[in-house]
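> Sequence plus the predicted model coming up.
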Amino acid sequence: MPLGTLDRTPPPFFRQGPSALTRLTIFSALALFLMVADTRFEITRPLRAAIATVLHPIERMLLVPVAAWEGGSDYLMGLQHALAKEEEAHRRLARQAERAARVEQLQAENDRLRALIGLRPALTVRSMAAEVLYDAPDPYSRKIVIDRGATQGVALASPVINDAGVLGQVTRVYPLSSEVTLLADKDAAIPVLNARNQLRSAAFGARNGMELRFMAGNADVQVGDLLTTSGVDGIYPPGLPVAKVTVVDRKIDTSFARILLQPVASPDAVRHVLVLEPVGVQMPAKPEAAPAAASAPAASKKGGRR
């Protein structure tokens, strides 16, 4: 047999080495020894430190996406929370502003009602509180509708006032409501008295307020004069504020002065009013004319003398 064909590998008996159980026992004992030695003498501490130092940049690099994701999530959640808080704050602020406006409105209304109640003792006629419902639908007139009518005892031509002064008078009465013609209406007229010099005149409604018509150019009327009701018409009680003089235009080419007035009671902001009983209701009845029979003897006497 040639030497090259000889099998030079060792027989299987010499190639087996330690068995699996032996290797397990050896490695377990080695691991236990290393753990005890590391716990007691810390022999692997420098090795762990070196490995941690080498792996730290890699760990930080791997944690960057995680940190970015967590940061982005926290930012979005915080942004949503902040937006929700801001929206809730806006809602609360709006509610508080609404409450404040309502309180101011109620306070102003309460003050006006107190002022109206304070007027009653100074009035010599019966009065009735009423609330303004709406403006009359006629665009060419200045009228309002109140919530008191014939059922509540409102009479035609009843004066209507508020805490500032005269607003107008009732010109139409319905069962449950009444129509009030304001002083600024083109068909309105009211006798007035100048509180400064007791000069009587008549004020009429105009486009932008009121005016005094047919006043002599030398009449003693000045800007700022307060005009009140004179009480001679049998409707308005005397002394109620009506208007103030705003313009006095005395022209040479005419004998009358152009005098414009501003009503002291603004109908645009009024809600509660007092309806007064016309003064003429409380006045004594006019004396009746002498009967025709009484005048007959006088006529016969005159005829006899002839």
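Structure received.
> Pop out the phi and psi values for residue 152.
Comment: the main-chain dihedrals of residue 152 come out as phi -90, psi 0, following degrees, to the nearest 10.
> Just give the closest residue to it, not the sequence neighbours.
Sequence neighbours aside, residue 128 is the residue nearest to residue 152 in space, at 6.6 Å (criterion: C-beta to C-beta, 6 or more residues apart in numbering). C-beta here means a position set from N, CA and C on the backbone, and glycine is covered the same way.
> Give me the secondary structure label for the residue nearest to the spatial centre of the chain.
When the chain is reduced to its mean C-alpha position, the closest residue under C-alpha atoms, centre = their mean turns out to be residue 101, at 4.9 Å. Counting by DSSP: H, G, I helix; E, B strand; the rest coil, the backbone at residue 101 sits in helix.
> And it, how far from residue 19?
Taking C-beta to C-beta, to the nearest Å as the measure, residue 101 falls 96 Å from residue 19.
> same deal with residue 201?
Counting by C-beta to C-beta, the gap from residue 201 to residue 19 is 137 Å.
> Looking at the two, which is more packed in?
residue 201 (17 against 9; other C-beta atoms under 10 Å).
> Spatially nearest residue to that one (excluding sequence neighbours)?
When the adjacent residues along the chain are set aside, residue 201 lies closest to residue 212, with 5.2 Å between them (C-beta to C-beta, 6+ apart).
> The helix or strand harbouring the one you found - what's its average pLDDT?
Taking DSSP states H and E as the criterion, residue 212 maps to strand 209-216. Confidence over strand 209-216 (mean pLDDT, whole number) is 88.
> how is the protein carved up into domains?
Here the domain parsing of the chain from automatic domain parsing is 19-122, 127-282.
> roughly how far out does the last one sit from the chain middle?
Its chain's C-alpha centre and that of domain 127-282 lie 29 Å apart, by C-alpha atoms, centre = their mean, to the nearest Å.
> Quick check: which element contains residue 144?
Under DSSP H and E, the secondary-structure element containing residue 144 is strand 143-146.
> for the stretch 151-300 of the chain, which spans come out with low pLDDT?
Along the stretch 151-300 of the chain, the parts satisfying pLDDT under 70 run over 281-300.
> for it, what spans make up the strands?
Counting by DSSP state E, counting those that start in this stretch, the stretch 151-300 of the chain forms strands over residues 159-161, 166-173, 178-182, 189-194, 200-206, 209-216, 226-229, 241-250, 256-263, 272-276, given from the N-terminal end onward.
> among these, which is nearest residue 147?
strand 178-182 (8.5 Å; C-beta to C-beta).
> Could you list the residues in contact with the closest one?
Contacts of strand 178-182 from elsewhere in the structure, counted by C-beta atoms under 8 Å, 6 or more residues apart in numbering, are 130, 136, 141-146, 148-149, 154, 158, 160, 167-173, 187-188, 205, 263, 267, 273, 275.
> Let's see that with 7 Å instead.
By C-beta atoms under 7 Å, 6 or more residues apart in numbering, the residues outside strand 178-182 that reach it are 136, 142-146, 148-149, 154, 160, 167-172, 187-188, 267.
> Strand partners (parallel or antiparallel) of it?
Sheet partners assigned to strand 178-182 using DSSP bridges are listed as strand 143-146 (antiparallel), strand 166-173 (antiparallel).
> For the closest residue to residue 267 other than its chain neighbours, give its distance to residue 172.
Distances taken as C-beta to C-beta, 6+ apart place residue 182 nearest to residue 267, at 5.2 Å, with adjacent residues excluded. Taken as C-beta to C-beta, the spacing of residue 182 relative to residue 172 amounts to 13 Å.
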